[in-house]
Structures are given as structure tokens and as C-alpha cells.
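Chemist: could you work out the structure for the sequence below:
(chains A, B and C)
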Amino acid sequence: MKRFGLMTTSALALAMMATGALADVKFGALYPFSGQLALLGEESARGLEIAVDEINAAGGVQGEKVVLERGDAVDNNQAIGEARRLISVAAVKAIFGSYSSARSIAASQVAELAGVPYFELGAVADEVTSRDFKYLFRTNPTADHMGKLIVDMIVNKVAPGIGKDPKDLKIGIIHEDSSYGTSVAGHQERYGKEAGLNIVTTQGYPAATVDMSSIVLDLKQREVDVVLQTSYQNDSVLFLQQANEAGYKPAAIIGGGGGYSMIPTAEAVGKDVIEGVLDADFTQYAVNTEFTPGLEAFVEAYKAKYGSEPRSGHSLNNYVGAMAILKAIDKAGSFEPDAIVEAVAGIDIPQGETAAGYGVQFGAGNQNERASMMGMQWQDGKLVTVYPDAAAAADMRFAN
Amino acid sequence: METFLQVVANGLMLGGLFAIISIGLTLIFGIIKVVNFAHGEFLMAGMFLTYLITTQLGLHPYASVVVVAPALFVLGAVTQKLLIQPLLSARDEHVQIFATVGLSTAMINLALLIFGADIANTPSSGLRSSIQLGPVRILEGQLYILICAALLVVGLEFFLRRTQTGRAIRAVAQNRAAAQLMGINVNWIYVLSFGIGAACVGLASSLVAPLYPTSSTIGTYFVLTAFVVVVLGGLGSIPGAFVGAIIIGLLDSLAGFYIGSDLREAVVFGVFLVILILKPSGLFGTRLKLSHIS
Amino acid sequence: MTFTKTLPASRGLPLAAMGVVALLAALFLIPVVIGDEFVYHIFITICLFAGLSTAWNIVGGYAGQLSLGHAMFYGIGGYAGVILMNMGISPWLGMFVGAGVAALVAVVVSYPCFRLQGPFFALATIAFLEVFRVLALHFRGLTGGAMGLMIQLKLGWEWMVFRERLPALIIAFGLMLVCLAVAHLIRSHRLGFYLVATRERESAARAAGVQTVKVRLIAVAVSAALAAMLGTFHAMYLTFIEPAAMFSLSFSIQIAMFALIGGIGTIYGPLLGAALLVPVTEFARGMLGAEALGLHGFVYGVVLVLAVLFMPNGIMGALQRFTARRTGGEEQAVQAGPVVAAARTAESPEERPAIGREVMRVENLDKHFGGLHVTNNVSFSLREGEILGLIGPNGAGKTTVFNMISGFLQPDSGSVSVLDREGRFQNPVTPGDFAALGVGRTFQIVQPFAAMTVEENIMVGAFYRHHDVNDAREAARETAHRMGLAPWLNAEARGLTIGGLKRLEVARVMAMEPRILLLDEVMAGINQTDVRRAIDLMLSIRDTGVSIIAIEHVMQAVMSLSDRVIVLNSGEIVAEGKPHDVVRDPDVIEAYLGKDFAHAQY
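Modeler: As a prediction, the model looks like this:
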């Protein structure tokens, strides 16, 4: 038994040496692949995989083929464990991740202490980049961007569309009470106040709720014109259905990511009900593609590899971030952490030149300063980009 | 005033929902004295089954009950036979609780394996249309749930009090050893009771599925509330569960509106704790006997 | 050494002790030798869970209170550590602050819950956990709300945050050792015996003078404090905490599960459970997690179900069975050995001390159960060195009287006074008060601590007089010898015959060295020889100056033992006097045999 073990180990070592000879470079892909967050974790990882395929097809990074080692960050403790494994056992040169903010915060700390670059492509909490880490970079827009975009959209588009002064609108903010909803709601309040909006109520609720009728009633009674909801899928469906059934029809409903961007949500509530509902999220697919070069190619690659349309914008955003980072690493000269950091810090991609539309340049806390979200609207059963104008594939519609 | 009435109506409807889900739990709880932590997953399984039947065969969700309820009966009976029965003689309840916790984990993940993490939408077949009743508006489907819950309570009470089998079940629930001496096959009664309890959940799932999106974790949303309802109503009391459910529904709705939706859980669990500590037998429960002293 | 106590049925257990030491050494040395970060992480996780499960086991195992809310204390520790650290206070201090807060919360939360049995207690702990989670979400100023809290990355021992992994392992390992040591200390001392006794039979424990609520509160406080300390460490290790992760139900279940799989109520079970399951879980996740969504969780659930079904007593239980089988032959021989008739024969009548002053005075006791008048104006007294027989037909209210003169029932009116050692009459209320005054009782339906050995059963009584384990053990052995239980000292109580159990019941009370002994039908259902022996035994007890009230149906015993007899019928005293006078009393005959029979006598 022992001898057998020894033999397998040496065989394994041989095999590893053999693959090593093919000049591979290993990066970690740390996402929640099991558990509650698995669906969008997997979706996010696909974006990274497509980016890697594309880079490898074009000759790899610094002439070496990129190999991804998956790590499953199912909970915070596990995120730390998997980060450790990737760094010490798999000896990855950098880690890409992680969809979930909590996992990202936990795992990036391990990478920072180990001096291994960590590239966050999808987590939205501000805390990820508020720690002044040296080896952590984030390419994707954050909760802050989402809050800002929604407020901008109200001021610039929604209020004129309804035919009211933004200051006369009654705004109601509702959000699921985990980290995601709470932080987005916080930014909505902050930017809303700066813009002089009249926010009449802010309410949190557990995402695992089975009834939102009291919230609907409350909003109805306060005569809220614009409802901002930051939510997951179940609660998006519940709110839209229960608002509709209670006969509550605000002038605009603006969702924040999560449930609002997903086709099953639209199917669950019905196309009539979701018609006209607005949504702020990562760049999605029905967009003015002149603003997002490479988007169509990405969708094609996705379909070829996974046999279906992308399930959400997460894959696209992970793809865009990964492409920018991998191209920079290609020019780094070596895989030493400091060389990688230097190369990545020097990235300068202007707006409108990536498949997600936003550019890439890192600022304070190594957050991508050019990242931004987009405003979308459900029109005739499809989620269409309507804001900002440069990216809009259609005009925003209003019920009246 | 109108708003208040609407809040109350919403609470009643929510209460009906909690009731239909909790009745099976209290039945099992009361007779076998086992807390089935997998109860929510039974509901989840029933809802997926309803979803499959309605989408694949194009049946009305309510029609699927003729398949779902018997299927859940079998699931419950098998659970009792293979999982709970061998553990009934165990030294403490710990093992029984963990057995059902394990079952719950396995079922959630099996659903994830089969159906993925996406939500599954059972066609609502018009049950989501609202009815105006005076000043308040409610959903057709919710009203049916409330009515069915009430009918189920009456039906089960009739069954337990007026039929031979029902009396045997009650005898076993009250005194296992004595019932055994009377020649009642206790193990069979347990299997039957668990099956009936699970079949009630089957009925609930066919009623609930058209109104709520089904997912692998849907059971966990309901199960804790169901426990609260069962304890509030009194261990094993079926009318108690109904009244308890209505109370919790009203409480949930009123607290959500007047206190704040982020604290409604705290309010519900707070009330639960107060009841549990002050009157552990619940509103309709029989007094716990201090049999071990004399 | 005392490890053997958890495996009473087996011998030669230095082997097991060595196993534990080897396991502990391996837990520390394997990661150090391999030196790999990931291996470090796994072993730190093992230490964390082993520590948490061991702490949980003090409540869930020893005290038998199934808590599914232990993450509450872990979370409190975590938050205390992080909040204080961000105020510039070292987590080493924060750890104890958290432990203190957790212990306080545990006491406040548990006190009302102890009335709840089995699943209700579990549900209550879940509800408290949920309330804590919601509150942590709500009070953002303190906890950071849903967004959680991060620590500043200040490195070094002072801040418990390290770049290298060895220090974290040292801390986790050290904390785990602390948990094991505390668990070991508790289990091998009086508190542990009291906890297990309370778990097995609460009323019998109270009769033995155990303050059952107090010992349980101590247990939850200690358990919560330990869990909180581990929480502080883990928060520093994670560097980031949020309510969803710190107050998680599934985390609580996991803690309890490791103990269950390892062996609930044993000292090293939780350690074994964690050491085995954590690596298995990691590998299963690695092997299955990426394959298909949910497959890993499914396998995990199925394994849990199978483990519960086929190993309900956990790994320790299985090991115990294994070792028991190995030494089984020897055990048999001991069990089958000649029963030593150890009870001394009654000493000669002349040596019997004279009946002395009143030691217990019962006045006008009344008790109603609903509409039923179960005790009606009952008064009597008991003298020093006297044996008072209490007889009467079934349902006469004898046991109710017993319950009232031992504190288990409060009379509606009337009083019970007991002479204390200073010669003053006191009015005790609780079973503890009665025990303190030297009143010991047995139960009609025997109430052994089934999972304990005979020796341990008697020790629970002996602890009333002896704080020290060895003294208590010595006293217990001596008592066992006197009661003829010596051959079964190491047998589990559940294995005794009914006669043995009755003797054990008396032995446990005798070990408390009572001045007044209340015996409830100790001779019912035992054979003739045993009755004879029991009579001798009671006489010898009396001769040491102990006063006895005995409820008895065996007339032979009543007649030959009692100095005085009280006859109770329908809650009233119908006759009182010398045994031979009383049995001729027509009222008594009527009470026992009915009116017709009484008339026929005349």
C-alpha cells in the first residue's frame, strides 16, 4: 500500500514535471463552485475561462500556456483554505476571483500576506479595495458605481421621462439585508442626498423572505414614485408580483443587479409585469455594440464552449477584466509578483474599447477607476441597455 | 383604516400559507415525537414534483395533487421506516435530530444536482389573479390555500377522532406502551402517521407551487416558521397549528408594516421564545406530565 | 488515566490514552513537518472545530442539552475580538472580554430554556441564534451590519495576525488543548458527575443534593466562554467577519455534528470527529465539488445519515464496543462470580441505640391535584433512630407525602420541619434544602443514572459529602461494599437487575450519609433472599442512628422492621401505632380489604 502510494506520488511528480516542460503558467480561479452561490460563481468563472482560451489561442502569456487551477470558495473559511492551497500546493502565480465579496475579502488577505497578486473581477463590496492592499486589483464596477449610476439615471433620464423635477419625486429604497443589498442601498442614499433627491424610506428585509406585501403596502401608502430595489432573484420576483397584485404601479422601478437581470425572473413574473422595469447592472448583452467591441465574439465563444447563451453579465465582466489583466501580464517580463503588479498598475484602456464598454485604469486602492455599470430596461421581454446614451441600444420607455 | 385592513388580510393569507405547511409537521411531531428537520425539503420535493407535472404534462397544478400527495406519502413512510424507526430506541433525541438534518442536507443538494440553482416556475394558471373583497385585495390562490388549510384541519380531526385507524393513532400518540399492550401495531402506526403527515405536505406543495418560485432552498425559508407555528399551537395539536399559523401570519404582517421589515424575523422569533419559555405546551397543547417523579 | 472512565467497560486503556497523545502530536507535527500552507490551514481548521465541538460537548454531551445555537457564542467572541482590536485593544484581551460576554449571554439565555426538553431546547437555541443574527444585522454602528467588519492587518503576536502559519497553528492547537483540558477536568470532577447525573435523571440528581440548574448554568457558561475564545481566534484568522457567517445555523449544526460523529458525551469524541471529518470533507470537496453542483453536499448528507444510523454512539462508541468485545470474556467471569453477601447482619438488639428526640415534624399537610384531595391533613413525626413504616393501599397518597417531605412537591398548606445539626427546626423547601438537612430519598420507580457505572452512580451521592473525586470514590466503594454491590462497581447501571437497581438506589442515598432516610418501596419486586438481606441492611442503617421512613408493601418487612406504622388511606391517616396493633385495626383492614371483609371479621 505504502509502496503503491510512493509510486503514484512519483508518477504524479513525473507527470507534473512533464506538463511543466510544456511551459505552462498556472493561475488560480477562486469562485464558489458549490453551495448557495454556485450558479453565478460558475457563470463568473466561465468568463475567465473564455479569456484564458482566447489568450492561449493567441500564444499564451509571455509565451507560456495559461492553465487554470480551480478553487472552491464555498464559505469564508473555505475561501482562505482554497487560497492557501492554490498558493502553496498548486503554486499559482496569481489568483482570479471571486464573485462573492465576503469570499474575496477573506481570500485576498491570504494572497496579500503571501505576496501573490489577486485579481478581483466581480465582487462589488467597497471593502474589497478599501484596504490599500499592494497585490489586490479590482477591474469590475462596485456597489458604489451601482448606486451612482442609478441616481444619475433618475436625475438625467427617469425624471425628465416622467415629466417631473427630480426633487419632486418620492424615492423609496428597499434592499435585501445582506452585505450586497445594504451597501448598494447605502450608496443610493448618499448619492441621492447629494443630488437633492427626496428619499422617503429605506427598508431592508431578509432575502429569504416569503412575503413582501407589507413593504408593498408601505410604499403604496407613502405614494413612492420611484422604487429602488437591490435584491437577489427570489425577492425580486416576490416584489414585482406582489406590487402588481396590490395594484401598486410606481412611475419607475429600478432594480439593482442580481435578480433583475435574469431571464428566469422575467419568466417568473410574466412579461407584462416586468415590462418597463429598469435595472442597473454589469454590462449585459443587448447593448450598442459599437461601444462594446468584442462583445459579439465573446458571446460566440461562450456558445461554442458551453452550448448556451450566457446566463448573466457576470461572465462578460469577468472576461473583460481577465483579458485586461492577462494582456498586461504578457508584457510584464516575468511572473514575479512585483513585475506583475507593476505591469497591471500601468494598464490604461480608455472607455469604449472593451467588450463591457468601460475602460481600465487603476486608482486608489487599486480599484478600476473607469469601471461603470449600465442602465437597462425590460422591453418586450428583453433586457435592453438604455443608459448611458453612448451604450444605449434603445430609448428608455415610459408607461405614460 | 383601509391599509390596516389590507395588512390584516395579508396576514391572514400568510397565515393560511403557514398553516397548510405546518399541519403535516405537527402531525408527525405530535405522534412520533420527532422533529423532522427535513420537513421543508419535503415541501421542496413536492413543489418540484408539481412543477414537473404541470410543465411536462400540462396539467393544472391543483390536479397534480393526485400524484404529489401519494408520492410524498411514500417518501414519508420510507423515511420513517428506514431512518426514524431504527433510531426511536436511541438513548437521546440527538441522533434523531441529526438524522433528519442529514436527510435535509442530502435532499437540498440532490435538488441542486438535478434542477440546478435556478428557480423553477410552476405556471400560475390564473391563481395569481387578485380578487377585490370589499376594501381589500387578495390572491385567488391564497384564498384557496386558506380554505384548504381549514378543510384539512377539519378532515384530519374527523379522521383522528371518528375512524378506527385515527383512534389507534391517537392512542399511540398518548401512550405508546399502553397502545402496544392493546394490540396496536405501533411501528405500523408510526409509518402510517409519517406518511399522512408527508402527504399533507404534498397537498401543501401543489397549492403553494403556483404562487412561489421553486428552488432547492425553498424549504429552509419555511421550515423555521413552521416550527414556530407548531410550538405556538401546541405539540401535535392540529387546530392549534392552524390558529398558531394565523397568529404568526398576522404578527409577521403587522410587524413588517408597523415595526420594519428588517426586524420582523426578530419579532416572530422573540414571540416564539416567550411562548416557548412561558408556556412550552403551546396554546392548545396538553399539559406536560411530570410522570417521572411518582 | 481518567480516560478510562469514559470507557468503563474496557481495560488496558493506556493504549487509548496513547492513541490520544499520538493523535494530538500528529495534529501539531504533521503540518509543521510538511510545512505546506494548505496543510496548515486544514489542521488549523481541525483544531478550531475540535475545540468548538469539545466546548459544545460540555453542554450537548455532559449536560445533555442539545444546543443548535452555539455559533451564537462563537460569533460573540469573534465580534468582541474585532471590535476591540479596531479600538486598539489586543485580541488577547478581547478574547477574554468575548468569553465573559458569551458566558453572561449563555446564562441569561439558557436559564429560562432549561425547562424545555429535547427538541424544544434545540428549537429555542435556534431561535436565539436567529435573533442574534438579526440584531447583528440591525445594529450597524457596533457590528458594521451586513457588510461585516474587517480588522486592520497589524501583524505580530500582539495582534494575533501573522504572515507565517505556524503561530496561528500554535494558538489554535493551544486553544483546543485548553478546551480538552477543561472538558477533561469537568468530566473527571464533581461537576462532570453532577452534569451527567442531571442529564440521566434530573429528579434523582436533585434528590442527591445536586443543584441541577446551577450545574447546568456553569456548564453553559464555561462552554460559551470557550467557544467565544475560539471565535476571537478565528475572526483574527479570517480577518473579516459578517453576521451571516458568524451566527450561522449550519455552522452550529456542524459543531454539534463533529461531536455526534466522534461520540457525544465522551471527552475525546469531538476531537476524533473533527480530526476525521475535516480532512474527509476537504478531500470530498476537492474530488466532488467541481464535478457537479451539489454532489458534494449530497454525499455529505448521506454520510451523515449513514453515520447516525449505523454508529449512533459515534466513533468512540464503536471503539468502545470493539475493546469491550476484546475484553469480554474477562467481564463475563466477573459478572458470573459469586455474589458476596456483603450486608452485615443486624447487630444484637441490646446494642441498638435508644430512640431519641424528634428529627422531623410533619404538620397538617394538604395537597390537591385538580379536584382530587390526595393528602388530607396529614401530621406525624419521626424520631432519631426510629423506623417508621408508611403503608396503605395503592393510590392512598404515600408517594405524594414522600414528595412533599423531600421537597419535590409543595403542599397546598401545612408544614414540614426538619431538625438541623445545631438542634433547631428548619422549614426546607427545595430538594436541595432537604438534602442539606440530611434528608435522603429513593424513588419508587428506580432512577439509576443509566449511562454511568455503579461506582459512578454512588459517587454522585458521595460527592455530597466529599468534594474530592478520590475521597468520593473511596466512600462510594465502601458504600457499595456494604450494600453488596461491590462485584458490579464497573458495570453500567443499565445492566443491573431490578433488585440490584433497588440496592443501587439505596446505596446512592446512603453515600450522602443522610440522617433521615426516605425509602419508597425498596423491597417491591425483589426475591425472598434479597428481602431478608434488605431488612438486615435497614436495621444496620438504623443502628448507626439514622431515622428511616419506609413506604412498603411487603408486610413481612413492615412487621419486622418498623418501630411504628402509619396507615394512609385516601390521603388521610387512618391508623398509627405499633405494627402488630395496627394490622388488627378494623379501619386498616377495611382500607386494605374493603368493608365486607372488615365486617366479616366481627
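Chemist: residues of the stretch 1-150 of chain C that sit close to chain A?
Modeler: Within the stretch 1-150 of chain C, the positions adjacent to chain A are C:36-38, C:40-42, C:45, C:134, C:137, C:145-148, C:150 by Cβ under 8 Å from any Cβ of the partner chain. (Glycine included, C-beta is placed from N, CA and C.)
Chemist: are any of the residues you listed buried, and if so which?
Modeler: Buried subset of the residues of the stretch 1-150 of chain C next to chain A (neighbour count, 16 or more other Cβ atoms under 10 Å in any protein chain shown): C:36-38, C:40-42, C:45, C:134, C:137, C:145-148, C:150.
Chemist: where does the stretch 101-250 of chain A have low pLDDT?
Modeler: Under the criterion pLDDT under 70, no range of the stretch 101-250 of chain A is flagged.
Chemist: contact residues of it facing chain B?
Modeler: By the rule Cβ under 8 Å from any Cβ, the part of the stretch 101-250 of chain A lying against chain B is A:174, A:177, A:203-206, A:208-215, A:217-218, A:221, A:233-234, A:237-238, A:241, A:245-247.
Chemist: of the residues you listed, grab the buried ones for ChimeraX.
Modeler: Here is the ChimeraX selection string for the buried members of these, based on 16+ other Cβ under 10 Å:
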select /A:174,177,203,204,205,206,208,209,210,211,212,213,214,215,217,218,233,234,237,238,241,245,246
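Chemist: now, the residues of the stretch 101-250 of chain A next to chain B that are in helices?
Modeler: Counting by DSSP state H, the members of these that fall within helices are A:213-215, A:217-218, A:221, A:233-234, A:237-238, A:241, A:245.
Chemist: any idea how the chain splits into domains?
Modeler: Looking at chain A here, since you left the chain open. Taking automatic domain parsing as the reference, chain A has its domains at A:2-141+A:292-369, A:144-281+A:375-387.
Chemist: the intended chain is chain C.
Modeler: C:2-318, C:356-601.
Chemist: can I get those in TSV with distance to residue A:118?
Modeler: Output for the domains of chain C, formatted as TSV (distance: least, Cβ to Cβ, whole Å):
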stretch	distance to residue A:118
domain C:2-318	14
domain C:356-601	51
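Chemist: and the ones you listed, which is most packed in?
Modeler: Greatest average neighbour count among the domains of chain C goes to domain C:2-318 (a mean of 22), per mean count of other Cβ atoms under 10 Å in any protein chain shown.
Chemist: now do that domain, average pLDDT.
Modeler: Confidence over domain C:2-318 (mean pLDDT, whole number) is 86.
Chemist: try stretch C:541-550
Modeler: Across stretch C:541-550, pLDDT averages out at 87.
Chemist: ends of that stretch, what's the gap?
Modeler: With Cα to Cα, to the nearest Å as the measure, the first residue of stretch C:541-550 is 13 Å from its last.
Chemist: so who does residue 241 touch?
Modeler: Looking at chain A here, since you left the chain open. For residue A:241, the contacting residues are A:268-269, A:273, B:128, taking Cβ atoms under 8 Å, 6 or more residues apart in numbering or on different chains as the criterion.
Chemist: actually it's chain C I care about, not the one you picked
Modeler: Residues near residue C:241 by Cβ under 8 Å, 6+ apart: C:75, C:78-79, C:82, C:148-149, C:235.
Chemist: ditto for residue C:57
Modeler: Contacts for residue C:57 were tallied using Cβ under 8 Å, 6+ apart; they are C:183, C:259, C:264-266, C:269-270.
Chemist: and residue C:101, by the same measure?
Modeler: Listed by Cβ under 8 Å, 6+ apart, the contact set of residue C:101 reads C:76, C:80, C:228.
Chemist: what about chain B: which of these touch it?
Modeler: Of the entries in these, not a single one is placed beside chain B under the rule of Cβ under 8 Å from any Cβ.
Chemist: which parts of the stretch 151-294 of chain B are helices?
Modeler: Taking DSSP state H, counting those that start in this stretch to define them, one finds helices in the stretch 151-294 of chain B at B:164-174, B:176-181, B:186-208, B:218-233, B:238-258, B:264-278.
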